[in-house]
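>>> Here's my sequence, what's the structure:
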Amino acid sequence: MTDQQLDPIERAWAGVVATARRTAAEGLVVGTSGNVSARVGDTILVTPSGVPYERLGPKDLVGVDPEGNRVLGDLVPTSELPLHLAVYRNSDAAAVVHTHAVHATAVSTLVREVPPIHYAAALLGGPVRVAAYARYGTDELAENMLAALRDRTGCLLGNHGTVTYGTTLDEAYDRTAQLEWLCRLWLAASSVPGLSPNLLSPAQLHDVSEALKGYGQQR
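Residues are numbered from 1 along each chain as shown. Model (predicted):
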């Protein structure tokens with residue numbers, strides 16, 4: 001059966017599994033850390049708790065409603081479900097990716113906001129904020145994340161990892177990858193003894209944001 005022949009739920013779940021495996025393959029998570037979700041109408045498909053991504057298949061599908069009640073599948077949803085639900089309730093997101101990317105997590109322990117060292121910050125809505133630390137899986141962490149996500153499509157979670165969202169799984173993942181690269185770049189540049197990286201001004205970032213509105217193939 002081709003992807004086009006699958007119903008929307010099955011197709012979205014296949015995308016969630018593929019994206020979760022991609023985070024592991026590209027070193028953004030270790031073991032069963034991190035999680036991925038996608039929204040189809042009023043159903044949110046999310047990776048289950050504690051199941052290695054390579055073992056996930058069609059039978060492991062987990063779906064919840066916007067209040068977090070399980071409506072599909074038998075497995076327990078990720079412990080970070082409050083993060084995902086908070087994003088969906090407060091944005092037009094169709095997909096959310098949460099990782100423990102090494103460089104981004106390291107930066108989350110050093111600053112309150114990722115220094116604007118590269119115009120890639122504009123891809124996330126501007127300088128990326130760091131949400132105050134709270135224990136994983138808590139409503140407090142979800143609230144801290146929402147504050148950091150204000151007018152942004154991604155943020156860091158203090159001493160924890162990253163959260164990005166998008167209108168597709170690919171977009172959410174690409175924003176995660178850009179955020180990890182941005183953090184890695186800043187760590188590399190700021191590690192040179194006796195030198196400090198040049199940073200972009202708010203006006204320069206705004207100029208990039210305007211230019212990005214016409215970026216890519218226009219339909």
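>>> Can you pull the phi/psi pair for the spatially most distant residue from the centre of the chain?
If you look at how far each residue of the chain sits from its centre, by C-alpha atoms, centre = their mean, the farthest one is Gly194, at 33.9 Å. As for Gly194, its main-chain torsions (degrees, to the nearest 10) stand at phi 80, psi 0.
>>> Could you report the separation of it from His118?
21 Å (C-beta to C-beta, to the nearest Å). Where C-beta positions appear, they are placed from N, C-alpha and C, glycine not excepted.
>>> Also Asn35?
27 Å.
>>> which of those two has more neighbours?
Asn35 (26 against 20; other C-beta atoms under 10 Å).
>>> Which residues are in contact with the closest residue to the more buried one other than its chain neighbours?
Excluding the flanking residues, the one nearest Asn35 by C-beta to C-beta, 6 or more residues apart in numbering is Thr78, at 4.0 Å. By C-beta atoms under 8 Å, 6 or more residues apart in numbering, the residues touching Thr78 are 35, 37, 46-49, 84.
>>> Now, the residues you listed that are in strands?
In this view, the contacts of Thr78 that belong to strands under DSSP state E are 35, 37, 46.
>>> Dump the residues you listed into a markdown table; add distance to Ala148 and pLDDT as well.
As requested, the ones in strands among the contacts of Thr78 are exported to a markdown table (distance: C-beta to C-beta, whole Å; pLDDT from 0 to 100):
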| residue | distance to Ala148 | pLDDT |
| --- | --- | --- |
| Asn35 | 18 | 97 |
| Ser37 | 18 | 98 |
| Val46 | 21 | 98 |
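>>> tell me the pLDDT at the residue most central in space within the chain?
Nearest residue to the geometric centre of the chain (C-alpha atoms, centre = their mean): Thr164, 2.6 Å. For Thr164, the pLDDT comes out at 98.
>>> Assess the claim that it and Glu180 are in contact.
No: under the criterion of C-beta atoms under 8 Å, Thr164 makes no contact with Glu180, lying 9.8 Å away.
>>> The residue lying closest to Gln204 once chain neighbours are set aside: what's it in contact with?
Here the nearest residue to Gln204 in space, its sequence neighbours aside, is Tyr119; by C-beta to C-beta, 6+ apart that works out to 7.4 Å. Residues in contact with Tyr119 (C-beta under 8 Å, 6+ apart) are 200, 204-205, 208.
>>> Of the contacts of Thr78 - the most surrounded one?
That'd be Ser37 among the contacts of Thr78, by other C-beta under 10 Å, with 33 neighbours.
>>> Could you tell me which residues make contact with that residue?
The neighbours of Ser37, taking C-beta under 8 Å, 6+ apart as the test, are 16, 44-47, 78, 84, 95-96.
>>> Please repeat the previous calculation with a cut-off of 7 Å.
If you count contacts by C-beta atoms under 7 Å, 6 or more residues apart in numbering, Ser37 has them with 16, 44-46, 84, 95-96.
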